[in-house]
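A.B. asks: my questions concern the predicted model and sequence given below.
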Amino acid sequence: MSSSHEPADWTELINIPSVSLYFGSLICFLALISTRQAYKLSPSFRSKLQSTSFFSTSPSAPASEKAGVMLTVFRDAWPATVSEMLQDTEAAHGMLFRSLVITGGLISMHTDFAQLTPHPDTPAYAHPSIPLLMTLVNLARRLVIAGAVGFVFAPATGVDHGVSGLREVGRGATGGKTSVKATLLGSLPLRELPSEERAKLGRTAIIGTVHCVLASAMLSALPSLDFIAAGHDAWYLVSGGGVHWARLVQYDPCAVAYTLILGLRLLHVLTIQVCMSVFVFHFLVGFFLPGDHSHKGFWAEYCACRLFCQLMLLAAINSWFSWPHLFDAMPVLVQYVSLSLATCHFVVFAAFCVRNLFLVLRNVDYSEGELAAAFDQWRWKEDVFQAGLDLQLQFVEGVQEQLQEVNRQGGSVKYLTNLFKQLKVLVKIYRGVPREKEEETVRGRGAAKKGAGRARSKTPAGSRKKGQ
């Protein structure tokens, strides 16, 4: 297979385009996950969570009770859209999202998508319009990534605009009287609003339009372009024009990895479109009418955002196996590392994609068992976080006590020893050891050490070992 984009050596498979796209998408992927977790610690969400019975409900409560509590949390405490979760750009989670997404987006914009997949020059392929079409598609894929960077600068709510204002006007919450007014469109029954409110609604409409356009470019346009690119590669694979098909029937690892990741990319695009369709439905219904479906729209949009990051990661990984003869030239260790990374990404991404595809297809309706499991998982994460915070405070206090002791008697501070002890306890807690048992263990060891310290203080100074 000849190609004008074919690398000259296997070392060029890990080229600048694939590295840029992989690490840029990975940063955005981590930004989305970490922002969602950080939002759970925000004052606004914690206050809403406190108003529910989440903390007062016992983990040993019946599944039906835990399911009811979790559904209340989803309905009353969780935002309706991802944009509402990110709208407070001055909060910790908002700044975290903005800084990481801008970094990842700028790195990804260095990607030349035309260099990620082979473009053969065989007679069976040669139709003048296809190379031109793929050139335009790859150029558009690169340009649309800029929408992800611009998206973080167009929050749904700001100091002089807010989407919630448009909703309140439609629901009659402003208290204005309805009267017939003469407009350019004729006489229309309109609610009377102060001039400053009308100007605010105008600003909100403008920023809201920009926000939706950038979000649509990221979550609809770019996946559609990637579907065209992946479909082109799949057509060339099935048509037998490339060498992957001949090696695939022989279960060649490179060809198998290339084919599986290519199929997963197509599945990701399908799932993104399904998620966006469900989100748009709930967004429009929730915009005009109040309801209890906000968590459904949020999870559908969040899944689409995460699948978008996964799609870009898969596109970068797919390029590692685009040229089988160059893959064969790799050292065995590099082959194993590439296949291992591809396998890990495939398993994690496929599980998330398939699970949420079926969830969104049933309109994000959780069963009682799923809601109870979500309650247990949230409470477990809360306990782990609080335990980690306690250990961090204990570590700081321990170092401070040692510093004070050093100032009085001399010696050295054992930072690494203290840190290792805290990490050891945290790992045990993370594995499921009850927190109370660990705290008792820590307190018991601390008391034993204090007793030993008092015993040593009673011994003559000359009998102590040097350096203690």
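C.D. replies: Received, thanks. Numbers count the residues shown, from 1 in each chain.

A.B. asks: doesn't Ala67 make contact with Thr57?
C.D. replies: No: when contacts are counted by CB atoms under 8 Å, Thr57 is not listed as touching Ala67 (10.6 Å). Placement of C-beta: from N, CA and C, glycine included.

A.B. asks: now do the shared contacts for those two.
C.D. replies: Phe375 (CB atoms under 8 Å, 6 or more residues apart in numbering).

A.B. asks: so between the two, which is more surrounded?
C.D. replies: Set Thr57 next to Ala67 and count neighbours by other CB atoms under 10 Å: Ala67 wins out with 21 against 16.

A.B. asks: for the more buried one, which three-state class applies?
C.D. replies: helix (DSSP: H, G, I helix; E, B strand; the rest coil).

A.B. asks: show me what contacts it?
C.D. replies: Applying CB under 8 Å, 6+ apart, one finds that Ala67 lies in contact with 366, 368-369, 371-372, 375.

A.B. asks: which of those residues count as buried?
C.D. replies: By neighbour count, with 16 or more other CB atoms under 10 Å, these hold 366, 371-372, 375 as buried.

A.B. asks: mind giving me TSV with those and columns for secondary structure?
C.D. replies: Converted to TSV, those look like this (three-state DSSP):
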residue	secondary structure
Tyr366	coil
Leu371	helix
Ala372	helix
Phe375	helix
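
A.B. asks: and the two most separated of these?
C.D. replies: Tyr366 and Phe375 (10.8 Å; CB to CB).

A.B. asks: for the helix or strand containing Phe298, packing partners?
C.D. replies: Using DSSP states H and E, Phe298 maps to helix 294-318. Secondary-structure packing of helix 294-318 (3 or more CB pairs under 8 Å, 6 or more residues apart in numbering; DSSP states H and E): helix 16-39, helix 63-76, helix 82-86, helix 222-238, helix 253-288, helix 332-361.

A.B. asks: winner for burial among those helices?
C.D. replies: Mean neighbour count (mean count of other CB atoms under 10 Å) peaks for helix 82-86 among the helices and strands packed on helix 294-318, with a mean of 23.

A.B. asks: can I get that one as CSV, trimmed to CA atoms?
C.D. replies: The C-alpha trace of helix 82-86 is given here as CSV (Å, rounded to 0.1, in the frame of the first residue of the first chain):
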residue,chain,number,x,y,z
VAL,A,82,-23.5,20.3,31.9
SER,A,83,-23.4,24.0,31.2
GLU,A,84,-25.1,24.8,34.5
MET,A,85,-22.5,22.7,36.2
LEU,A,86,-19.8,24.8,34.6
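
A.B. asks: pull the number of nearby residues for Ile130.
C.D. replies: So Ile130, with other CB under 10 Å, has 14 neighbours.

A.B. asks: got the domain boundaries for the protein?
C.D. replies: Domain segmentation of the chain under automatic domain parsing yields 10-173+194-366, 374-457.

A.B. asks: quick check: Gln87 touching Phe97?
C.D. replies: No: assessed by CB under 8 Å, Gln87 is found out of contact with Phe97, at 10.6 Å.

A.B. asks: rewinding a little: make a markdown table out of the domains of the chain and add mean pLDDT.
C.D. replies: Listed next are the domains of the chain as a markdown table, based on pLDDT from 0 to 100:
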| stretch | mean pLDDT |
| --- | --- |
| domain 10-173+194-366 | 82 |
| domain 374-457 | 65 |
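
A.B. asks: state the number of residues packed around Val137.
C.D. replies: 18.

A.B. asks: name the SS class of it, please.
C.D. replies: Going by three-state DSSP: Val137 is helix.
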